[in-house]
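S.K.: can you look at this prediction? I've put the sequence above it.
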Amino acid sequence: MTSAPSTSARPKLLLTGPIMEAVVERQLEQHFTLLGPDNFEAIIAAEGAEIRGLATKGKMRVDGALMDRLPNLEIVSNFGVGYDTVDAAAAAERKIIVTNTPDVLNEEVADLAVGLLLATVRELPQADAYVRAGKWLKGPYPLSATLRDRKVGIVGMGRIGKAIAKRLEAFGLPIVYHTRRAQPDVPFQHYDNLIAMAKDVDTLVLILPGGAATRNLVNAEVLEALGPRGILVNVARGTVVDEPALLKALQDKTILAAGLDVFVDEPRVPEAFFALNNVVLLPHAGSATHHTREGMGQLVVDNLVSWFAGKGPVTPVGETPWPK
């Protein structure tokens, strides 16, 4: 990317990677001198002290060490509701604001979560492949599992978790949930113990933050508790599941099936998953529509523009709050 002409009135903004071409071309270049994502290290070495904002998406770790190389950094604007690649605690210590893009993707991710659950339970990709291979000519596709006799446990009950629950209620399914603390405005039964909940349900939907606190939360013990009828759907972060344990559980039929939109080392998916017929694999597509990604990109812009206009951030994260 070529930097926009620099002016004294235009703050320098560092990109850790591509955000969205339309956002960059139409808006960010109007307000900022853009640096990166190419020649990232060279840019920091040459201009690190002049960089006041950082826009980031996903993979690159924005930690205290990077922040220290940008001594005048004021704000990190994260593209996405999850910001586990940004060390928000380190940012707070340095009085750096971190923002994310909540709400604009709630409905989209909830839609996909339910679609992925249906695809997994009713084996929709497998049935599609059956027709394409001409096998229907030789006989009907085998009967699948059903949602009709299932009880769903949602792990995480934030905005997206509530949107998923609302949709599953319309399917007539009993719903329970696991979070660290019960939420007074949520009408479903709360479990403070994930293994206990896994024993009482046969379907787990994961929609919780990533990071050190939730790494490998769903492990071999949880999967064993879920049992041989169990279905796991993950639209959260790949790191919240012990991936080798899940692979073994699918291979050994410890659980029935899984629907996965996220993986530990995206886009590198363990090839052993490809050989299994009881898993549906998606390329982290939860919010991947033109409508929603444009809304997320706009919120990245709005946070940066508002901050440098002296109005404060629009959607600061909990670790770096801003008084309204």
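M.R.: Everything's here; your move.
S.K.: helices of the stretch 1-150 of the chain, start to end?
M.R.: Counting by DSSP state H, counting those that start in this stretch, one finds helices in the stretch 1-150 of the chain at the ranges 21-23, 29-31, 40-47, 64-68, 88-93, 106-121, 124-132.
S.K.: what does E74 show for phi and psi?
M.R.: phi -110, psi -30 (degrees, to the nearest 10).
S.K.: any idea which of the helices of the stretch 1-150 of the chain gets closest to Y141?
M.R.: Shortest distance between Y141 and the helices of the stretch 1-150 of the chain, using CB to CB, is found for helix 124-132: 5.0 Å. Every residue, glycine included, has its C-beta placed from N, CA and C.
S.K.: list the pairing partners of the following helix or strand past that closest one within its sheet, with orientation.
M.R.: For helix 124-132, the following helix or strand on the C-terminal side (DSSP states H and E) is strand 152-155. With DSSP bridges as the test, strand 152-155 is paired with strand 175-178 (parallel), strand 203-206 (parallel).
S.K.: thinking again about what came up before, any chance of the helices of the stretch 1-150 of the chain in a markdown table, with mean pLDDT, mean neighbour count and distance to L13 too?
M.R.: Formatted as a markdown table, the helices of the stretch 1-150 of the chain follow (pLDDT from 0 to 100; neighbours: other CB atoms under 10 Å; distance: least, CB to CB, whole Å):
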| stretch | mean pLDDT | mean neighbour count | distance to L13 |
| --- | --- | --- | --- |
| helix 21-23 | 75 | 15 | 12 |
| helix 29-31 | 91 | 16 | 8 |
| helix 40-47 | 95 | 14 | 11 |
| helix 64-68 | 97 | 15 | 15 |
| helix 88-93 | 97 | 17 | 16 |
| helix 106-121 | 98 | 21 | 27 |
| helix 124-132 | 98 | 14 | 41 |
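S.K.: low pLDDT regions in the protein?
M.R.: Where the chain drops to pLDDT under 70, the residues are 1-8, 25.
S.K.: most neighbours per residue, which of the strands paired with strand 152-155?
M.R.: Mean neighbours per residue, mean count of other CB atoms under 10 Å, is largest over these for strand 203-206, with a mean of 26.
S.K.: including distance to V233, could the helices of the stretch 1-150 of the chain go into TSV?
M.R.: TSV is the format used below for these (distance: least, CB to CB, whole Å):
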stretch	distance to V233
helix 21-23	30
helix 29-31	39
helix 40-47	35
helix 64-68	34
helix 88-93	27
helix 106-121	5
helix 124-132	13
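S.K.: hmm, back to that, now the strands paired with strand 152-155 in a markdown table, with distance to F32?
M.R.: Listed next are the strands paired with strand 152-155 as a markdown table, based on distance: least, CB to CB, whole Å:
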| stretch | distance to F32 |
| --- | --- |
| strand 175-178 | 41 |
| strand 203-206 | 36 |
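S.K.: and of the ones you listed, who's closest to E21?
M.R.: Going by CB to CB, the one of the strands paired with strand 152-155 nearest E21 is strand 203-206, 31.3 Å.
S.K.: beyond the closest one, next helix or strand please.
M.R.: Assignment by DSSP H and E places the next element after strand 203-206 at helix 220-226.
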